[in-house]
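[1] Everything below, folded, please.
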Amino acid sequence: MRFFPVSFLDISDMDIFETGLGIFGVTALAALLACTGCASRRNGATADSTPQATAPALETNQPSFATPPEKIVATPAPTLTDTEQQDQTWIDASQRAYANGVQHYQAGQFPAARAEFDRAVDIYLTSGRDLQTDTRLRDAFEKLVDQVNALEMDALQQGNGFGQQEAAPVDVANDVTFSVDPNLEARAQAELKRTQSDLPLVVNDYVTSYINYFSNTTKGHNTIKHALERAGHYRQMISKVLAEEGVPQDLIYQAVAESGFQPRAVNRRSGAGGMWQFMPHGNYGLVRNMWVDERFDPIQSTRAYARYIKMLHDQFGDWYLAMAAYDWGAGNVQRAVQRTGYADFWEMYRRNVLPQETKNYVPIILAATIMAKNPAQYGLSDMTPDLPLVVDTVTVDSSIDLRLVADLVGSTVEELESLNPSLLHMRTPVGQPFDLYLPVGTKDMFEQRVALIPANHRDSWRYTTVASGESLEAVALHFHVQAAQIASVNHLPLHAALAPGTALVIPLPPAPMPTIARMRYRTRRGDTVVTVADRFGVTAAEVRRWNHLRENHLLPGRMLYVSQPAPISHRRRYTRQHSHPNRAHRRSGSASTRSTHRKKPGSAHSVPSRRKRPVPASSSNSN
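    Predicted coordinates for the structure are as follows:
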């Protein structure tokens with residue numbers, strides 16, 4: 001998801017607690033499983049001793065014994081086997097990496113924190129052990145996943161996990177009050193006459209005030225400049241989609257206001273996400289399940305946006321009202337029109353029937369459009385647009401790990417994550433086709449090499465080419481597998497001499513698949529059952545059932561279960577809860593949530609606030 005300014009809570013004030021191996025609601029698993037996307041060649045960490053907690057001192061006034069107590073004979077510590085000693089080495093090394101990550105996290109150094117968490121997880125996943133059968137290592141791995149999960153869930157309440165994002169223009173300028181410069185307004189009016197646009201552009205005091213802000217303040221200018229530079233990456237794709245859907249080309253600048261062209265931007269207040277800031281609930285024709293969230297797919301979300309804004313324009317017959325409805329909700333705009341008798345955005349603005357954020361929203365889009373079309377006049381001539389997004393696309397029908405994809409095409413996991421921001425796991429979905437985006441020019445290479453690996457092993461096996469002077473034993477040592485296993489799957493003699501460039505398939509055991517844990521959330525002021533359900537992608541009815549609630553009102557500070565409770569495992573010496581691994585994530589736009597929260601556009605039910613957008617009147621399927 002990459003991007004955003006996220007404000008994190010201190011570790012001592014954690015609001016999320018985990019009791020099982022988890023996925024982070026809907027979007028949070030992307031950051032945890034990104035931990036597995038480590039460099040393909042990495043030196044192992046060396047273990048050292050881990051500090052132990054100090055037991056409390058005994059009280060000095062201990063009771064005296066009438067008779068001497070029996071002599072206590074110390075029981076010698078059991079001797080660890082070689083396997084157990086190696087397990088402990090990995091556990092110690094992983095704990096040390098995790099502790100380093102927590103220090104970075106507390107210091108607000110989030111990229112460094114994520115790198116350490118990556119390393120902590122990767123130590124287990126590259127150990128060569130079967131984590132399904134090695135219970136000691138598996139328990140340590142699950143504990144680590146829980147710890148990272150808890151931090152990530154806490155981060156998600158403030159933003160989008162460990163990612164970072166630059167604020168969008170609509171957020172930067174929303175509360176700005178800026179005086180109107182008559183000279184600037186006159187110049188903008190003159191330039192408007194020479195500006196070609198397929199939207200009805202206007203210049204007035206409201207628009208000019210934002211042109212002034214984005215032109216003459218450092219923060220405003222940098223925000224609009226960076227957004228328009230990122231636009232270069234997506235302009236060709238967006239232009240193509242808008243043309244195919246029959247809507248104006250200049251609607252591209254609505255993405256300037258919404259996200260600044262950051263495909264994994266998340267609004268930390270509402271949970272709206274993606275380049276076009278769709279809410280996590282609602283039927284916009286976007287797939288959203290435990291594997292993918294197409295709100296973060298630039299192509300699919302752009303098509304959903306084009307269809308939705310076209311539907312709003314068909315309803316109101318005016319692009320400004322369509323934009324206002326996209327922000328505030330079609331039902332709210334429709335009622336404002338009926339109440340005032342004016343289907344005119346500026347008249348409704350003057351009559352003060354729009355919320356302040358929506359009053360600002362349309363002028364900000366118009367200001368961005370005018371400035372983008374006249375860059376030299378507004379100090380934007382030195383922009384360097386990002387290179388256009390050009391990818392190869394392959395449809396994969398079996399789940400494949402992104403680390404394997406990186407091996408096959410000579411790329412990096414980070415690049416593949418950037419090209420496929422809708423993936424919530426570090427692998428493609430199980431049991432459903434997925435359009436995987438690859439670096440341009442690598443499709444043929446991918447298809448040739450992936451054919452070497454059985455479909456049912458593409459979620460764990462790896463691929464490598466032999467370096468000069470490298471032996472089969474050296475390759476096996478690096479991947480923590482037996483040389484005989486590599487020789488067997490590649491049909492090679494065990495002691496064969498390998499020529500440089502020889503392709504090898506590496507049979508790694510599958511890593512444990514994270515299952516849905518029973519997650520808890522501490523309520524905050526203003527939370528209701530509906531808003532909590534929306535935030536975690538479940539229904540209000542589920543939240544009530546899991547927590548035995550009868551009312552919608554919630555007091556601050558209450559701990560709520562926000563995922564499906566799971567049966568207690570009796571295989572552990574301690575109580576731990578798991579949910580069924582095949583339980584699909586429930587769509588948050590279910591009828592129970594929608595009926596409580598909002599109606600379809602044009603109904604009489606109110607939509608609470610910006611980015612709490614209504615379900616469209618007709619469903620659109622993603623292309």
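[2] Next one: Arg295 from Met275, what distance?
    According to CB to CB, to the nearest Å, Arg295 stands 8 Å off from Met275. Bear in mind the C-beta positions are built from the backbone N, C-alpha and C, glycine included.
[3] any shared contact partners between those two?
    Taking CB atoms under 8 Å, 6 or more residues apart in numbering as the contact rule, Arg295 and Met275 both touch Ser301.
[4] And those two? Which one has more around it.
    Arg295 (31 against 28; other CB atoms under 10 Å).
[5] Make sure the more buried one is indeed in a strand.
    No - applying DSSP: H, G, I helix; E, B strand; the rest coil, one finds Arg295 to be helix, outside a strand.
[6] Look up the closest residue to it, ignoring the ones flanking it.
    With sequence-adjacent residues excluded and distances taken as CB to CB, 6 or more residues apart in numbering, Arg295 is closest to Gly274, at 3.7 Å.
[7] Tell me the confidence at Val121?
    With respect to pLDDT, Val121 scores 82.
[8] swap that for His585, please
    30.
[9] Same question for the one 3 residues further on.
    With respect to pLDDT, Ser588 has a value of 32.
[10] tell me the SS of Leu560?
    strand.
[11] residue ranges of the strands in the stretch 451-600 of the chain, please?
    When assigned using DSSP state E, counting those that start in this stretch, the strands of the stretch 451-600 of the chain occupy the ranges 462-465, 503-506, 519-522, 559-561.
[12] Let me know which of the ones you listed is tucked in deepest.
    strand 519-522 (a mean of 21; mean count of other CB atoms under 10 Å).
[13] max-length helix in this protein?
    helix 218-245 (DSSP state H).
[14] I'd like to know which elements it is packed against.
    helix 169-172, helix 205-216, helix 254-258, helix 298-316, helix 356-373 (3 or more CB pairs under 8 Å, 6 or more residues apart in numbering; DSSP states H and E).
[15] any low-confidence regions in this protein?
    1-78, 108-111, 132, 149-150, 152-165, 174-179, 511-519, 534-538, 563-623 (pLDDT under 70).
[16] what residues go with each domain of it?
    Following the assignment in automatic domain parsing, the chain carries domains at 1-42+85-164, 169-378, 391-506, 523-597.
[17] okay if I get those as CSV plus distance to Thr79?
    Formatted as CSV, the domains of the chain follow (distance: least, CB to CB, whole Å):
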stretch, distance to Thr79
domain 1-42+85-164, 9
domain 169-378, 43
domain 391-506, 24
domain 523-597, 21
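[18] For stretch 244-263, measure first residue to last.
    21 Å (CA to CA, to the nearest Å).
[19] cool, and stretch 256-266?
    14 Å.
[20] need the helices for the stretch 351-500 of the chain, in chain order.
    356-373, 402-409, 413-419, 443-450, 472-479, 483-489 (DSSP state H, counting those that start in this stretch).
[21] Packing partners of the last one?
    Put plainly, it is helix 483-489. Against helix 483-489 (3+ CB pairs under 8 Å, 6+ apart) you get helix 472-479, strand 503-506.
[22] Now the first one: buried residues?
    So the one you mean is helix 472-479. Neighbour-count burial for helix 472-479 flags 472, 475-476, 478-479 (criterion: 16 or more other CB atoms under 10 Å).
[23] May I have it as PDB, with CA atoms only?
    In PDB, the C-alpha atoms belonging to helix 472-479 read as follows (Å, rounded to 0.1, in the frame of the first residue of the first chain):
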ATOM      1  CA  LEU A 472      25.200 -27.900  -5.500                       C
ATOM      2  CA  GLU A 473      26.100 -28.100  -1.800                       C
ATOM      3  CA  ALA A 474      26.700 -24.300  -1.700                       C
ATOM      4  CA  VAL A 475      23.300 -23.600  -3.300                       C
ATOM      5  CA  ALA A 476      21.600 -26.100  -0.800                       C
ATOM      6  CA  LEU A 477      23.400 -24.400   2.100                       C
ATOM      7  CA  HIS A 478      22.200 -21.000   1.100                       C
ATOM      8  CA  PHE A 479      18.500 -22.100   0.800                       C
END
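[24] what's in contact with that helix?
    With CB under 8 Å, 6+ apart, helix 472-479 has contacts from 41, 126, 128, 462, 464, 466, 482-483, 485-487, 492, 494-496, 498, 504, 506, 508.
[25] Quick one: closest of the domains of the chain to Pro385.
    domain 169-378 (2.6 Å; CB to CB).
[26] Ends of the closest one, what's the gap?
    Terminal-residue distance, domain 169-378 (CA to CA): 16 Å.
[27] gap between His104 and Leu144?
    Taken as CB to CB, the span from His104 to Leu144 is 16 Å.
[28] okay, the helices and strands packed on helix 218-245 in a markdown table with mean neighbour count and distance to Ala324 next?
    Formatted as a markdown table, the helices and strands packed on helix 218-245 follow (neighbours: other CB atoms under 10 Å; distance: least, CB to CB, whole Å):
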| stretch | mean neighbour count | distance to Ala324 |
| --- | --- | --- |
| helix 169-172 | 23 | 13 |
| helix 205-216 | 22 | 13 |
| helix 254-258 | 28 | 12 |
| helix 298-316 | 22 | 8 |
| helix 356-373 | 24 | 5 |
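[29] which stretch among the ones you listed comes nearest Ala97?
    helix 298-316 (32.9 Å).
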